[in-house]
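1. Have a look at this fold, sequence not included:
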């Protein structure tokens, strides 16, 4: 694949800087935009074109080729979203006189119903860490909190001490776009965090100082990748055969709340979803779970 022209790279940098300033998007989101746009530049370069000379036909062919090469429709849809946002900015800045992506159609995405861990599986997972060890106390507190609050993994590992209010059992979460939300953590999560802060965190840190709530033996905040690896290990200890990720506990948080009577709007606020439609996926999961329970246990199902 051809290398993107330096001028296109500079335009992408300017665009991403503007996104960061205006929308306060996180590093992972900005990195996804950069990856999509650099792929676009390389594909355009093979057609002797660049970002500012591309037309709708070129963009459609590139997206079609990506789909035909075996890329997931979700990946193609994300690339189209990146393209639209870039050209919206380019039009606003008068880099182009029209938006070539304006009439491009998104691929139809199948509704994805996440597999949700049962409450019994969650209980086994939360009990898996060895709480006689400082690192086990830390991991138990992390698992309890991510499930109790439905946090994203980035929200959990980036949590700082100033965001905790154990007197009110609340945590201040900075979500996508640094949007703030207050989430109740519940008595059990608060107890585990208090035990970790009192009995484990000082021993892990030693003489070092850190703003992070959850620290490693090096005294630094835990990485997303490390926590992912920890969850996979504890899932094996808990006897859970299916794949388990940090997002599995976020799915479980939302579905279990709905199963026990929570309203959709409240779940949306706690998850930090900007759009209620994003949260509605969990109503389908909850309904499917209730139907399966009915079929299994009702004598006339």
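-> Arrived safely. Computed from a predicted structure; not experimentally measured.

2. which residues touch the helix or strand hosting residue 75?
-> Under the criterion of DSSP states H and E, residue 75 resides in helix 73-92. Taking CB atoms under 8 Å, 6 or more residues apart in numbering as the criterion, the residues outside helix 73-92 that touch it are 11-12, 15, 18-19, 32-33, 36-37, 39-40, 51-52, 59, 63, 66-67, 96-102, 104, 106-110. All C-beta atoms are positioned from the backbone trio N, CA, C, and that covers glycine.

3. I'd like to know which of the residues you listed are buried.
-> With neighbours counted by 16 or more other CB atoms under 10 Å, those contain buried members at 11-12, 15, 19, 32-33, 36-37, 39-40, 51, 59, 63, 66-67, 96, 99-101.

4. So residue 175 is in contact with residue 181, correct?
-> Yes: with contact taken as CB atoms under 8 Å, residue 175 and residue 181 are classed as touching, separated by 6.2 Å.

5. Please enumerate the shared neighbours of the two.
-> If you check residue 175 and residue 181 against CB under 8 Å, 6+ apart, the residues they both contact are residue 272.

6. In terms of neighbours, single out the busier of those two.
-> Each of residue 175 and residue 181 has its neighbours counted (other CB atoms under 10 Å); residue 175 has more, 18 against 15.

7. Excluding covalently adjacent residues, which one is nearest to that one?
-> Excluding its sequence neighbours, the residue lying closest to residue 175 (CB to CB, 6 or more residues apart in numbering) is residue 272, at 3.9 Å.

8. give the contact list for residue 223.
-> Contacts for residue 223 (CB under 8 Å, 6+ apart) come out as residue 157.

9. Buried residues, the helix holding residue 75. List them.
-> By neighbour count on 16+ other CB under 10 Å, the buried set for helix 73-92 is 76-80, 82-87, 89-91.

10. try stretch 258-267
-> Going by 16+ other CB under 10 Å, stretch 258-267 has these buried residues: 258, 259, 264, 267.

11. The third one reaches residue 257, doesn't it?
-> Read that as residue 264. No: with contact defined as CB under 8 Å, residue 264 does not count as touching residue 257 (9.6 Å).

12. Thank you kindly, that will do.
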